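1. Attaching a predicted model along with its sequence, questions to come.
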Amino acid sequence: MYKSFRPGQTWLDTKGERIQAHGGSVLYEGGVYYWYGENKEHTRPGSGVWTSGIRCYSSTDLYNWEDRGLIVPPVLDDRDHPLHPAQKVDRPHILRNPRTGKYVCWIKIMGADGVQRSTVLTADSILGPYGVVRTGLQPLGMSAGDFDLAVDPWDGKGYYYFERVHSELICADLTDDYTGVTGYYSTHFPLRRPPFVREAPAHFQRDGRHYLITSGTTSYYPNRSQVAVADTWHGPWTVLGDPHPGDPTGTSYRTQVSSVFRHPERPDLYIALADRWLPHLSPEESDRNQIFDEMFSAQERGLPGPDFTEPEADTSVADYVWLPIRFRAEDGLPVIDWHDEWTLDGDLQ
């Protein structure tokens, strides 16, 4: 039984199995925490499996998690179905709609054809069963990559932050039922190409202000995160810098932040949930920043860049790094410090 968080160490569920909730988020309801994400248990090199459905866990203390099963199981008998493992199911996000009472789940589908689309499902319970209500969705006619969903706590309006693939970040208003977009949107952080384009947006609010933590685009290799702040959902956004200033490698402690969870009962406790996709790599091996900079700089000048071939990743053994966020007094920068072990009571090591 766990009594603390131990970032980067293998995290097992109450049955002693490795937790499989990658690219995940946590919802709190009725005194219970629900952690859901990508089930990567079969995602090994050569398997042809990207994700085997969406798995959910429940907990009453955030340390110990009971496996509640696949709330969105894979479809195995139809290779063209968006939930088939070959279609690259990615980064689920779930909202509860206060108007309809429905749980709405958006999933990015990278697709066997390389085109990124969205599938939307709904359920009457967070644990499902979920039924597909929309598929093949390209919001606003755009190829939508990594994303986050958020709800205004005052009026229940929903917002959808997503990477317009390899170009910029979009904030789009959701429809009243959260299953689509209204057509109103704003654009942010326009950049020409990876690795500079921002992806994996993680939105949270504090003291009336909006924050976005994003990563660069370097596939499973970690890179330097960026945090920005705004006074409204649609910005304008002011870039504050790297929320991991204590990491000299510029790899966000070898992680990618997937979401930020605000604890419902601990004053001002925000937890950054991150994946360490390639735990077998050392800090030195993980640091590909210079290689990517040289590669894309050469492309800009029409020259051959350094040779770089990304190995197929074994994400079935990816680990989690959950760390508390502190807010720097002098400038309000959200800072994610490293701790080998920490607790909700404030014990830090």
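-> Happy to help now that I have it.

2. so E29 touches L127, yeah?
-> No. Contact criterion C-beta atoms under 8 Å: E29 and L127 do not qualify, at 10.5 Å. (C-beta placed from N, C-alpha, C; glycine too.)

3. Surely W322 and R276 touch.
-> No. Counting by C-beta under 8 Å, W322 stays clear of R276, with 10.8 Å between them.

4. State the distance from the nearest residue to R6 once chain neighbours are set aside to H93.
-> If the residues on either side of it in the chain are set aside, R6 comes closest to E341, at 5.2 Å by C-beta to C-beta, 6 or more residues apart in numbering. Going from E341 to H93 by C-beta to C-beta, to the nearest Å gives 29 Å.

5. Also I54?
-> From I54 to H93 the distance is 10 Å (C-beta to C-beta).

6. When the two are compared, which one has more neighbours?
-> When I54 and H93 are compared for neighbours, I54 comes out ahead with 28 against 22, by other C-beta atoms under 10 Å.

7. Please work out how many residues are found near the closest residue to the more buried one other than its chain neighbours.
-> Nearest non-adjacent residue to I54, counting by C-beta to C-beta, 6+ apart: V72, 3.8 Å away. Close neighbours of V72, defined as other C-beta under 10 Å, add up to 26.

8. quick one: V72 and G128 touch, right?
-> Yes. With contact defined as C-beta under 8 Å, V72 counts as touching G128 (6.9 Å).

9. Ramachandran coordinates for T182?
-> phi -80, psi -20 (degrees, to the nearest 10).

10. Count the neighbours of it for me.
-> 14.

11. again with V89
-> Neighbours of V89 (other C-beta under 10 Å): 27.

12. State the pLDDT value of the residue lying closest to it once chain neighbours are set aside.
-> Leaving out its chain neighbours, the residue that sits closest to V89 by C-beta to C-beta, 6+ apart is T51, at 4.2 Å. pLDDT, T51: 95.

13. Show the contacting residues for T51.
-> E38, N39, K40, T43, P74, P85, K88, V89, D90 (C-beta atoms under 8 Å, 6 or more residues apart in numbering).

14. Quick check on W322 and R276: which one has the bigger neighbour count.
-> Taking neighbours as other C-beta under 10 Å, W322 and R276 compare with R276 leading, 23 against 20.

15. and the more buried one, what does it touch?
-> Applying C-beta under 8 Å, 6+ apart, we find R276 in contact with G8, P222, Y253, R254, T255, A318, D319, Y320, V321.

16. Show the contacting residues for the residue nearest to R6.
-> Here E341 is in contact with S4, F5, R6, P7, D347, L348, Q349 (criterion: C-beta under 8 Å, 6+ apart).

17. Could you measure from it over to K88?
-> From E341 to K88 the distance is 35 Å (C-beta to C-beta).
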